[in-house]
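> Return atomic coordinates for the entry below.
(4 chains)
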There are 4 protein chains.
Amino acid sequence: MVDVAIIGATGYGGIELIRLLKPHPQVRLSYLTSETYAGKKVSEVYPHLAGVDLALSAFDAARAGQCDFVMLSVPAGKSMEIVPSVLAGDARVIDVSPDFRLRDATLYPRWYKLEHTCPELLAEAVTGIPEWHREQIASARLVAATGCYSAAAQLALSPLVADGLIDPGDILLDGKTGISGAGRTSLSLAYHFPEADEDVCAYSVEGHRHGPEVVQGLQALTTVGVSVTLTPHLVPMSRGILLTAYARPAGGADAAALLDALRRRYDDEPFVHVLPEGTYPHTKWTTGTNHCFIGAGVDRSSGRAIILAALDNMGKGMAGQMVQCLNLMMGIDESTGLARSAAYP
Amino acid sequence: MVDVAIIGATGYGGIELIRLLKPHPQVRLSYLTSETYAGKKVSEVYPHLAGVDLALSAFDAARAGQCDFVMLSVPAGKSMEIVPSVLAGDARVIDVSPDFRLRDATLYPRWYKLEHTCPELLAEAVTGIPEWHREQIASARLVAATGCYSAAAQLALSPLVADGLIDPGDILLDGKTGISGAGRTSLSLAYHFPEADEDVCAYSVEGHRHGPEVVQGLQALTTVGVSVTLTPHLVPMSRGILLTAYARPAGGADAAALLDALRRRYDDEPFVHVLPEGTYPHTKWTTGTNHCFIGAGVDRSSGRAIILAALDNMGKGMAGQMVQCLNLMMGIDESTGLARSAAYP
Amino acid sequence: MVDVAIIGATGYGGIELIRLLKPHPQVRLSYLTSETYAGKKVSEVYPHLAGVDLALSAFDAARAGQCDFVMLSVPAGKSMEIVPSVLAGDARVIDVSPDFRLRDATLYPRWYKLEHTCPELLAEAVTGIPEWHREQIASARLVAATGCYSAAAQLALSPLVADGLIDPGDILLDGKTGISGAGRTSLSLAYHFPEADEDVCAYSVEGHRHGPEVVQGLQALTTVGVSVTLTPHLVPMSRGILLTAYARPAGGADAAALLDALRRRYDDEPFVHVLPEGTYPHTKWTTGTNHCFIGAGVDRSSGRAIILAALDNMGKGMAGQMVQCLNLMMGIDESTGLARSAAYP
Amino acid sequence: MVDVAIIGATGYGGIELIRLLKPHPQVRLSYLTSETYAGKKVSEVYPHLAGVDLALSAFDAARAGQCDFVMLSVPAGKSMEIVPSVLAGDARVIDVSPDFRLRDATLYPRWYKLEHTCPELLAEAVTGIPEWHREQIASARLVAATGCYSAAAQLALSPLVADGLIDPGDILLDGKTGISGAGRTSLSLAYHFPEADEDVCAYSVEGHRHGPEVVQGLQALTTVGVSVTLTPHLVPMSRGILLTAYARPAGGADAAALLDALRRRYDDEPFVHVLPEGTYPHTKWTTGTNHCFIGAGVDRSSGRAIILAALDNMGKGMAGQMVQCLNLMMGIDESTGLARSAAYP
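Coordinates of the predicted model:
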């Protein structure tokens, strides 16, 4: 049994961590923090978490640092404030904020309008994608969970870039996300039910923050310069991301070749499933789970490769990813507490 | 470990049973039947069940009868054909069809246009509501899971009828359900996305089949004649039932008294949660789970009591209910495999 | 051509009035007010109203009073501030706030926590239901559009109460509404897409403000004391109200008798449509229109009458109702600008 | 007044034409055909079309040919059977099937698995995009309405291709559509509410039939070879298409230059609206209308141009487009009966 803290326990990310970790056989949720609801029990804030009578506290770095693991679900800029003092204790950290995702500190002012306050930790942080960084995660002191679009994109494209089957210099990512990704505290007209319902729109058209994470991840696999266009869209559903990736196949790769490369890489993975040729993923297959489904085809007219990945932005794109990393860091079966398939339909 | 068969394994009820039982620590899914997909693996029919490589077979009564438990998720009229021969083996049966729900065989022609073919089993069948029939379920040979509306209504009203706090002779049930209740094979214009989306409508206005189940359940608790009006409505969501029950409070019962009675009955129950005064249940709190939330208030103008219950029609209203019964029949902790709270939002 | 002002032109009610009145052949939209967006054009606030280059101004009573008609779409308490000074000019007023709906001024503190500041106008105000108050509306100086639930309930039940076919002393109204009724400025967690999506819940369980409007309307048609329980529910769609009314039939009225009475009353009405026996209304039939569909049946078990009405809360429940009244007050065909049926599906 | 026939009047396209043309001041709906419902009235098939008491007949070419205009809303392969005999009368034809969209008859076997039976008409058929073919439509005998994705793509990209601002040899179109596009008669598991709700997926990944229409349209505007990848996606809403087009800007065009070119072309158009820089279209702005909104930006990292167009697949993408063409062919104001903006929200 390990002691785990969740910092930011009452956001959507926080309660998903609680949902996954409460029944986890080797985890004790020993410290849950919430600035808004300190002093209350979780079940008072969220009646659906009936029976989760854990108390919420204000954040205290010393107390967090005494836990074995500290999982952070806080906004950009907050983790870099907190993490150095938490690491000063004995705790190991899994952070879902963007604060430790990018190795190059100069990207933070550009993408987040933030000056990084502990750039020395960036080199140490390990990207939370077990399928590509399993060993580093297992021994890491600081894991930076990757963003939801980035998780989908890296899982879909990394094998193809690594094997030289697509041209990394011309990658287009068209993302479609459910609205839970907007979080809970940011009430905005854009997420007001009557406005968001029966609507599709693009956002961050000039550039989305998960783009540089994808570039960083793919660039590590190739010497060819990586270029990525990432355009996200809001669709009227709560959860789920479908990422449609477009790339030029290299060396005459057809759908079968793309799928072969994906299968070679993922056949033993418990959470990444490569579909048969002609089958393409649905976000609904992933709702509430840590699973990711990948399909690939080639457009007959243009010859462009189209690789599709579906995952739950709150699952493999966030809390599920963090728990999978936690399991690895604990040295236990990485599927512990995550094996369930989706409630369908 | 027990051997469990699922008859009708590829309908929505069947795959929900698979989802719940696959990771169940004391269950071996040893026989899954599907007339449509016999010969295939589950994961070939439902790609989201990746890794569930169990084979589907055509139904054979002898083979089913060799399992310890047989769970039926088949249409009305089918279970009465199958169950006698299954019981002739050693198996115990949990049936989610209506075929063994009603004690009075004469109700079948009226409500189901079916002549009952094994009425002698009706007296033996136990209603699958653990909160009210725990001991009988534990030793039952044949459990009849109750319908989704009926589960909500009986959980909400039984304590109040038993304690004489509402008038059983004048009960109105206004039900709102998600569309998964329509099942998978019954493609119909009413469930075609463009027609059902952004729409609410009533159905079975002259009388719904779950009504007599509610009457039977409540009548067992009171000597006053029970009368129930049940009007169901279709709302544009996949899962969930909200039942709004209206009744005249007896003996001056106010909201506090109603809630007290509910709490006395359910405080130790793992899956039925009585809300504080002024809080009312949301179906979303129950999605994918076996939980049921109940709230109660009194209309200030008319003095009418309003009792609200939310549950997942595929969970506590179907597959979850069946698994809870299975656990009881196995003599193990009835929460086994069911403890999870809802993925929210 | 008449000059029309819209006060509160940028709320959902205001823009629905603009949508209906912009192409109206005998209306000039000459004064649109918005406190938030004064100085902008409508099309700058709402890009979908491309081409509606009307300017928005801050409210000025004198200027409003110079218009022929002033249509108010402002919150409770605001209309009673404004209307006396508007009426001091030559304008006639159509108000969608609750401020002039109730004849009895003492109901305002109870239901709205407001002391009425111009109770002398309450006797003069005419309820905006043309089917029941056509002549008074035609000559009115002040029309109070009725609430969305109230419109549905009064249209569904008035003929049956007037003809003595149901017992007015025991009426239950179970309302289901789309979320646009919450308006645009009241961002709240309850209307945040991820929370409201895939959810049904009740609200105002102890009593909803439209209840006393229904009582007032029905009581005028009978000497028997009217009692109404109104319980509204939120369903995951933008527009539409389905009202399910339950009442005891009087004098042995069956479904045919109920439908006959409804048909006698509404057969010549352009916007109220009584359905054949066995057919029940869908909210989707009314989206974006001024139409209302009514069906009725009798529960076989309990004998309870069930009358169902569907309308668009923003149409017949609000802006459509106001425009129909405007047409009547102008002395023109009351269908002008309203004839369209719903875009389906 | 002209006499108009609608062939296939009870599909979703047919009833949308009825909705638009019933109140059209210069149209008499004189012949409505339906093979399924011949002998019934429209309002018996669709209760929401209360008051539309027009009779439905089986198709007869001679009778159709006597109308002034025949509007066809029938499946691929059916129009080529019917149109020659209709044109043999005096009628002029507006067809929404794909049968006359492609000039090159050899494309039909490839894309539609159909041998064209009257290829001699292909040269005569005019594409139903008034903004680009206004004069030809006005005098046409046979107009082929373009597909919904194609309408969005051609409106978004034609000005940029014509002005040489993007590279036509490398165009990617990522489409997102509501599910009404699937039509009414094709009940399928993919459109069953519980499966389609809360889901996004791609379809026709290897190539969609609207692709060659886009190529044909754009190729007419440039000497550079056009290449298009079109990948459509299903999103959980009834109506609306958002098309996200990706292209390399030519000659250093930035967002302002792209928007300028679009504005130059569309500033006087009543139904195509170019948005300010930084504003991007929403499908909800177009629901139930003939309007199309276009925005454009440039990805800061990759320099790729992103052009977004939103329209209603049943409006500008189908029935609205047909009515606009009808107005042109009649020689009247092309906005007649189409001016309304969307019911929002």
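
> Residue ranges of each domain in chain A, please.
As given by automatic domain parsing, the domain ranges for chain A are A:2-124, A:149-313.

> list the contacts for residue A:242?
Each residue near residue A:242 by Cβ atoms under 8 Å, 6 or more residues apart in numbering or on different chains is listed here: A:152, A:175-176, A:281-283, A:308-310, D:200-202, D:233. Where you see a C-beta, it was placed from the backbone N, CA and C, and this is true even at glycine.

> That one: which element?
Taking DSSP states H and E as the criterion, the element that holds residue A:242 is strand A:241-247.

> partners of that strand, with directions?
Strand pairing for strand A:241-247, determined by DSSP bridges: strand A:171-177 (antiparallel), strand A:305-311 (antiparallel).

> so which of the ones you listed gets nearest residue C:132?
Put simply, out of the strands paired with strand A:241-247 the one that sits nearest residue C:132 is strand A:171-177, at 48.2 Å, with distance taken as Cβ to Cβ.

> quick one, which of the domains of chain A is packed in tightest?
domain A:149-313 (a mean of 22; mean count of other Cβ atoms under 10 Å in any protein chain shown).

> which residues does residue A:47 contact?
Listed by Cβ under 8 Å, 6+ apart, the contact set of residue A:47 reads B:273, B:275, B:279, B:281, B:285, B:293.

> To clarify, my last question referred to residue A:298.
Applying Cβ under 8 Å, 6+ apart to residue A:298 gives the contacts A:249, A:254, A:255, A:258, A:304, A:305, A:306, D:206.

> Which ones among these map onto helices?
When these are checked against helices (DSSP state H), the matches are A:255, A:258.

> okay if I get the contacts of residue A:298 as a markdown table plus pLDDT and distance to residue B:220?
Formatted as a markdown table, the entries for the contacts of residue A:298 read as follows, by pLDDT from 0 to 100; distance: Cβ to Cβ, whole Å:
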| residue | pLDDT | distance to residue B:220 |
| --- | --- | --- |
| A:249 | 97 | 68 |
| A:254 | 97 | 66 |
| A:255 | 98 | 61 |
| A:258 | 98 | 62 |
| A:304 | 97 | 66 |
| A:305 | 98 | 64 |
| A:306 | 98 | 60 |
| D:206 | 97 | 60 |
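
> From the contacts of residue A:298, pick the one nearest residue A:25.
After measuring the contacts of residue A:298 against residue A:25 - Cβ to Cβ - the closest member comes out as residue A:258, at 38.4 Å.

> per-residue confidence for the closest residue to the closest one other than its chain neighbours?
Beyond its immediate neighbours in the sequence, the residue positioned closest to residue A:258 (Cβ to Cβ, 6 or more residues apart in numbering or on different chains) is residue A:296, lying 4.3 Å away. The model reports residue A:296 with a pLDDT of 98.

> Tell me if residue A:296 really is in a strand.
Yes - according to DSSP: H, G, I helix; E, B strand; the rest coil, residue A:296 belongs to a strand.

> any idea how far residue D:175 is from the residue nearest to residue A:302 when sequence neighbours are not counted?
In space, residue A:302 comes closest to residue D:229 once its chain neighbours are excluded; the distance is 4.3 Å by Cβ to Cβ, 6+ apart. The span separating residue D:229 from residue D:175 equals 11 Å under the rule Cβ to Cβ, to the nearest Å.

> I'd like the strands paired with strand A:241-247 laid out as CSV, including distance to residue C:264.
What follows is these, written out as CSV (distance: least, Cβ to Cβ, whole Å):
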stretch, distance to residue C:264
strand A:171-177, 52
strand A:305-311, 56
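
> Any idea which of these gets closest to residue C:116?
When the strands paired with strand A:241-247 are ranked by distance to residue C:116, counting by Cβ to Cβ, first place goes to strand A:171-177 at 48.1 Å.

> what element comes up after that closest one heading to the C-terminus?
Note on strand A:171-177: by DSSP H and E, the next helix or strand toward the C-terminus is helix A:193-196.

> could you check whether that next one is close to chain B?
No - applying Cβ under 8 Å from any Cβ of the partner chain, one finds that helix A:193-196 is not in contact with chain B, the shortest distance being 11.1 Å.

> Mean confidence (pLDDT) on that helix, please.
What helix A:193-196 shows for mean pLDDT is 97.

> ok, now stretch A:76-86?
When the per-residue pLDDT values of stretch A:76-86 are averaged, the result is 97.

> what residues does it touch?
Counting by Cβ under 8 Å, 6+ apart, stretch A:76-86 makes contact with A:7-8, A:59, A:61-62, A:64-65, A:70, A:72, A:74, A:93, A:95, A:97-100, A:112, A:114, A:116-118, A:121, A:142, all of which sit outside it.

> now do stretch A:120-133
Stretch A:120-133 has contacts (Cβ under 8 Å, 6+ apart) with A:83-84, A:87, A:94-95, A:100-105, A:116, A:136-137, A:140-146, A:151, A:154-155, A:158, A:213, A:217, A:265-266, A:269, A:271-272, A:321-322, A:324-325, A:328, A:334.

> Any idea how far apart the tips of that stretch sit?
Using Cα to Cα, to the nearest Å, the span of stretch A:120-133 from its first residue to its last is 20 Å.
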